[in-house]
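Engineer: Predicted model, plus sequence, below.
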Number of protein chains: 2
Amino acid sequence: MMEQTDAVAALSALAHAGRLEVFRLLVKAGHAGMAAGKIAEATGTLPNTLSASLNILTHAGLIHSRREGRSVIYSADFEAMSGLLTFLMEDCCSGEPAICGPVADLARAGTCATEGCA
Amino acid sequence: MMEQTDAVAALSALAHAGRLEVFRLLVKAGHAGMAAGKIAEATGTLPNTLSASLNILTHAGLIHSRREGRSVIYSADFEAMSGLLTFLMEDCCSGEPAICGPVADLARAGTCATEGCA
DNA sequence: TCCATATTTCGAGAAATATAGAAATATAGC
DNA sequence: GCTATATTTCTATATTTCTCGAAATATGGA
């Protein structure tokens, strides 16, 4: 289970337009991931600035990397993502379950709105 | 639908141990909310520091307030909360639906783990 | 009106974060 | 070994954020 410290680290990492864009790009890219250079190209950021962003997201546990030849491939950590979402939602229930139901439904609906994933 | 700018504002507001604690407290408190003084007491923060935190959460749209006598009652904005979760999850589906299913399930499971909310 | 309670605003100093240029490191191919 | 490509690290500066004490504002009751 995620600690508050981890949650703050993850939220801090995502609380930045550039890094949020990178993370969402990697979420879209799925397990295949994306080379740092491709990310820089897609987002229009300088290589060193992007590297700093990737470093912060990595240390927050939201993404991880593997080397493939000259490129370093980054990909989202979906377990960490679900861990963060779980942390943000888990207290929603403790007070009045009636409130949390719609929130969970909305989140789920939003998730599956794009295409027909169960 | 939430813009990236709004998402960054919300994430920034939550990316702080004190503010995250306040927000979760208000999520637990439900629609009844909680007076600023009670929040300060519960979290052990100075009134002015707490006021700054509440102000930031308010401007991020995550909470709202109403005055009751001498107290100002704060409560979580559950629509904003679900909006943020939706925003964070919506791109999960666009690439490979197979990945996003478990994430959504986990989030939902986490939500409902505490008690029996559908 | 005067006083007590509740909360917010102001102002300043300290700490953390963001960005970019330049240099350094790692890998691949010749 | 040499060169080109890919990415990271170093260093400095600009900016933002955090926290607190002190003062100000708002409400309720005597």
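Structural biologist: Happy to help now that I have it. Numbering: from 1, shown residues only, chains lettered A, B, ... in the order given.
Engineer: Mind exporting the C-alpha coordinates of the helix or strand A:Val8 falls within to CSV?
Structural biologist: Applying DSSP states H and E as the criterion places A:Val8 in helix A:4-14. Listed next in CSV are the C-alpha coordinates belonging to helix A:4-14 (Å, rounded to 0.1, in the frame of the first residue of the first chain):
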residue,chain,number,x,y,z
GLN,A,4,1.6,9.5,1.9
THR,A,5,5.2,10.3,1.1
ASP,A,6,5.1,8.3,-2.1
ALA,A,7,1.9,9.8,-3.1
VAL,A,8,3.3,13.3,-2.6
ALA,A,9,6.3,12.4,-4.7
ALA,A,10,4.1,11.0,-7.5
LEU,A,11,1.8,14.0,-7.4
SER,A,12,4.7,16.4,-7.3
ALA,A,13,6.2,14.7,-10.3
LEU,A,14,2.9,15.0,-12.2
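Engineer: Against A:Asn55, how distant is the closest residue to A:Leu54 other than its chain neighbours?
Structural biologist: Leaving aside its sequence neighbours, A:Leu54 sits nearest to A:Tyr74 (Cβ to Cβ, 6 or more residues apart in numbering or on different chains; 5.9 Å). Quick note: C-beta positions are derived from backbone N, CA and C, even for glycine. As judged by Cβ to Cβ, to the nearest Å, A:Tyr74 and A:Asn55 stand 11 Å apart.
Engineer: which one of the two has more residues nearby?
Structural biologist: A:Tyr74 (24 against 13; other Cβ atoms under 10 Å in any protein chain shown).
Engineer: what residues are up against that one?
Structural biologist: Contacts for A:Tyr74 (Cβ atoms under 8 Å, 6 or more residues apart in numbering or on different chains) come out as A:26, A:33-36, A:39, A:54, A:58, A:63-65.
Engineer: For chain A, list the residues in contact with DNA strand D, please.
Structural biologist: Residues of chain A lying near DNA strand D by Cβ under 7 Å from any atom of the strand: A:35-38, A:40, A:47-48, A:50-52, A:54-55, A:65, A:70-72.
Engineer: Widest-spaced pair of these?
Structural biologist: Across these, the longest distance by Cβ to Cβ is 20.2 Å; it joins A:Ala52 and A:Arg70.
Engineer: out of the two, which sits in the more crowded spot?
Structural biologist: Neighbours per residue (other Cβ under 10 Å) separate A:Ala52 from A:Arg70, with A:Ala52 holding more: 14 against 7.
Engineer: Check whether the helix or strand harbouring the more buried one comes near DNA strand C.
Structural biologist: A:Ala52 is part of helix A:47-59 when elements are defined by DSSP H and E. Yes - judged by Cβ under 7 Å from any atom of the strand, helix A:47-59 comes into contact with DNA strand C at A:48-49, A:52, A:56.
Engineer: Counting neighbours, what do you get for A:Met34?
Structural biologist: Neighbours around A:Met34, by other Cβ under 10 Å: 22.
Engineer: where does it land on pLDDT?
Structural biologist: pLDDT, A:Met34: 96.
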